[in-house]
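Asks: Task: produce atomic coordinates for the following.
(3 chains)
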Amino acid sequence: MLEIDLLLLFMIASAIIAVQVKDLLSSVIAVGAVGIGLSMSFLIMKAPDLAIMQLVVEVLSLIILIRATIRKDLPFSASGRWAFNTFSMILFLAVFLVFAYFSFSDMHRFGAPLMKVSQEYLGEAMAKTGAHNVIAAITLKYRSIDTLGEVAALFAAVVGVLAIARKVSRPGGIRK
Amino acid sequence: MSRAGNKGMTLIVKTVTRITLGFILLYGIYIALNGETAPGGGFAGGVIVALALVHVMLAFGRDVSLKWLHVGGLRAAVSIAALIFLLAAWPRGQRIIFGNDIILPVCEMVIVGAGLFAIFVALVLVSKADKEAE
Amino acid sequence: MVTYLLCLVLFSVGLYCVVRKRNIIKIIIGIGIMEYAINLFFILIGYRSNGRAPIFADDQAVVNMVDPLPQAMALTAIVISLAVTMMLVALAIRIYEKYGTFDITKINRLKG
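Replies: Numbering: from 1, shown residues only, chains lettered A, B, ... in the order given. This next block holds a predicted model:
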């Protein structure tokens, strides 16, 4: 799969730009490039549901991140031991990648999944649920409680954001 | 959605928003209803609906769009949708009360769209409080 | 194998950003990149060579579809990542309002 490798290289380059650039707005836009690349790679990996979802979610989270970056900020203080911290971090990541490489040799080969459970779903989904889209059959029929939990988590986030961003403070609260 | 008030963006953006808003909402509903046979689903449709509302808010400014969108109506819609979501999951023998091919995605779309729009409104109101503080 | 490793390199970039940067917005961005890498790893595990998307058509047999289960799991994970991002942005805006900066080394003082 050459296409997915090229897209992954593009995403890694965009991610490094997003991490290293100084300007916050440029950084957020580079993250948008990573998300669009992810959406395209979902499309290549035969997951169109996820491609639509990732594209839409990316746009919304980009709007909210841009909303967060419109602030003037003080210059950041550069501390000592910059080189030591960076090199120890890179060393740690290199060790992580080497161990990951050796543990990948125990996994199944790329392009030949195990599919012990999924074979049942693929065989029965059309007859039992009547849904053409197997992913919709799994998320809405076989694992409906999962979808209920997903909506509950989103609702909890909504309530949390509304509580955090509340304009009027409680009388006698901490804020003046 | 009147032309009164100079808040929001320019006249071009407002006119284009007025034209495209219906199409964006229609596309969100299409994505939500067509999740069984094609890629899509309730959540993606709900996010598209929320993006349409955010679009209105960015183009017309806060006051006009909040007056037009009628927050109490949004709250009632979310409550009714959550109640139907609960009822639709109630088992009754082998069947489920409502055919959940249509009911469940539409309810999920309403909940997600209104909830994400509520988050955006909350973040915008925080910035307004900042300006008043300055 | 190379594809798995590239996916983990993307994860490492996000991890580096979270551990090493001081701006709160950069840390949120790093968490987002890690979430992207994990979602992509789910899909890479379930991929089958020359497979079809898991959507039935009327005139085609069931053979040779990609694994639908990791896709359903990743669908849930994307939603949760959106919720987490929104929560973090709200917290970051509140922190900026209270301390006047995004620098995490300057907000450790107690104030209230």
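Asks: Just give the number of residues close to residue 23.
Replies: Here I'm looking at chain A. Residues near A:Asp23, counting by other Cβ atoms under 10 Å in any protein chain shown, number 9. The C-beta positions use only the backbone N, C-alpha and C, and glycine is treated the same way.
Asks: wait, I meant chain B there
Replies: As a burial measure, B:Phe23 scores 10 neighbours (other Cβ under 10 Å).
Asks: Where does pLDDT dip in the chain?
Replies: You didn't pick a chain, so chain A it is. Along chain A, the parts satisfying pLDDT under 70 run over A:71-80, A:167-176.
Asks: that's the wrong chain, I wanted chain B
Replies: For chain B, the ranges with pLDDT under 70 are B:1-7, B:88-101, B:126-134.
Asks: Which residue ranges of it form helices?
Replies: Assigned by DSSP state H, the helices in chain B fall at B:11-33, B:42-60, B:62-69, B:71-88, B:103-133.
Asks: C:Ile29: which of those helices is closest?
Replies: For these, the distance to C:Ile29 is smallest for helix B:103-133, at 17.2 Å, taking Cβ to Cβ.
Asks: so what's the closest residue to chain A within chain B closest to, chain neighbours aside?
Replies: Going by Cβ to the nearest Cβ, chain A is nearest to B:Pro39 of chain B, at 3.8 Å. Among residues not flanking B:Pro39 along the chain, A:Pro48 sits closest, at 3.8 Å (Cβ to Cβ, 6 or more residues apart in numbering or on different chains).
Asks: can you check B:Ile29 too?
Replies: Per Cβ to Cβ, 6+ apart, closest to B:Ile29 is B:Gly45, 6.4 Å.
Asks: Now for that neighbour: which residues touch it?
Replies: Contacts for B:Gly45 (Cβ atoms under 8 Å, 6 or more residues apart in numbering or on different chains) come out as B:Gly28, B:Ile29, B:Tyr30, B:Ile31, B:Ala32, B:Leu33, B:Gly35, B:Pro105, B:Met109, B:Val112, B:Gly113.
Asks: And what about the nearest residue to C:Leu15 once chain neighbours are set aside, helix, strand or coil?
Replies: Excluding the flanking residues, the one nearest C:Leu15 by Cβ to Cβ, 6+ apart is C:Met34, at 6.3 Å. At C:Met34 the chain is in helix, as set by DSSP: H, G, I helix; E, B strand; the rest coil.
Asks: quick one: C:Met34 and C:Gly14 touch, right?
Replies: Yes - at 3.7 Å, C:Met34 counts as touching C:Gly14 under the criterion of Cβ atoms under 8 Å.
Asks: So if I had to pick from those two, which one is more boxed in?
Replies: C:Gly14 (23 against 20).
Asks: Name all residues that make contact with that one.
Replies: A:Ala15, C:Gly30, C:Ile31, C:Gly32, C:Ile33, C:Met34, C:Glu35, C:Tyr36, C:Ala37.
Asks: Out of these, which end up buried?
Replies: The neighbour-count test (16 or more other Cβ atoms under 10 Å in any protein chain shown) marks A:Ala15, C:Gly30, C:Ile31, C:Gly32, C:Ile33, C:Met34, C:Glu35, C:Tyr36, C:Ala37 as buried among the contacts of C:Gly14.
Asks: which non-adjacent residue is nearest the most centrally placed residue in chain C?
Replies: The centre of chain C sits closest to C:Glu35, judged by Cα atoms, centre = their mean, with a distance of 1.3 Å. Among residues not flanking C:Glu35 along the chain, C:Ser81 sits closest, at 4.2 Å (Cβ to Cβ, 6+ apart).
Asks: So which residues of the chain form helices?
Replies: Using chain A. Counting by DSSP H, the helices of chain A are A:2-20, A:24-44, A:48-69, A:82-104, A:118-129, A:134-137, A:144-164.
Asks: wrong one, I was asking about chain C
Replies: C:2-20, C:24-45, C:68-99.
Asks: Can you add mean pLDDT and give these back as TSV?
Replies: Shown next, in TSV, are these (pLDDT from 0 to 100):
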stretch	mean pLDDT
helix C:2-20	91
helix C:24-45	92
helix C:68-99	88
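Asks: and chain B, which of its residues are near chain A?
Replies: Residues of chain B lying near chain A by Cβ under 8 Å from any Cβ of the partner chain: B:31, B:35-41, B:43-44, B:47-48, B:50-51, B:54, B:85, B:89, B:100-101, B:104-105, B:108, B:111-112, B:115-116, B:118-120, B:122-129.
Asks: most packed of the helices of chain A?
Replies: The highest mean neighbour count among the helices of chain A, using mean count of other Cβ atoms under 10 Å in any protein chain shown, belongs to helix A:134-137: a mean of 27.
Asks: So which residues make contact with it?
Replies: Counting contacts by Cβ under 8 Å, 6+ apart, the residues outside helix A:134-137 that touch it are A:49, A:121-122, A:125, A:129, A:131, B:35-36, B:41, C:54-56, C:65, C:68, C:71-72, C:75.
Asks: Give me the nearest residue to residue 38, chain neighbours excluded.
Replies: By default, I'm working from chain A. A:Leu38 sits nearest to C:Tyr36 (Cβ to Cβ, 6+ apart), 5.0 Å away.
Asks: that's the wrong chain, I wanted chain B
Replies: Distance criterion Cβ to Cβ, 6+ apart; nearest residue to B:Ala38, sequence neighbours excluded, is A:Asn133 at 6.7 Å.
Asks: Nearest to C:Leu5 among the helices of chain B would be which one?
Replies: Between C:Leu5 and these, the shortest gap by Cβ to Cβ is with helix B:42-60, which sits at 30.9 Å.
Asks: Could you export that closest one as PDB, CA atoms only?
Replies: Below are the C-alpha coordinates for helix B:42-60, written out as PDB (Å, rounded to 0.1, in the frame of the first residue of the first chain):
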ATOM      1  CA  GLY B  42     -27.000  10.200  13.100                       C
ATOM      2  CA  PHE B  43     -23.900  11.700  14.600                       C
ATOM      3  CA  ALA B  44     -22.400  13.000  11.300                       C
ATOM      4  CA  GLY B  45     -25.700  14.500  10.400                       C
ATOM      5  CA  GLY B  46     -26.000  16.100  13.800                       C
ATOM      6  CA  VAL B  47     -22.600  17.700  13.400                       C
ATOM      7  CA  ILE B  48     -23.500  19.000  10.000                       C
ATOM      8  CA  VAL B  49     -26.600  20.600  11.500                       C
ATOM      9  CA  ALA B  50     -24.600  22.100  14.300                       C
ATOM     10  CA  LEU B  51     -22.100  23.500  11.700                       C
ATOM     11  CA  ALA B  52     -25.100  25.100   9.800                       C
ATOM     12  CA  LEU B  53     -26.100  26.800  13.000                       C
ATOM     13  CA  VAL B  54     -22.600  27.900  13.700                       C
ATOM     14  CA  HIS B  55     -22.500  29.300  10.200                       C
ATOM     15  CA  VAL B  56     -25.500  31.500  10.900                       C
ATOM     16  CA  MET B  57     -24.000  32.700  14.100                       C
ATOM     17  CA  LEU B  58     -20.700  33.600  12.500                       C
ATOM     18  CA  ALA B  59     -22.300  35.400   9.600                       C
ATOM     19  CA  PHE B  60     -25.000  37.400  11.400                       C
END
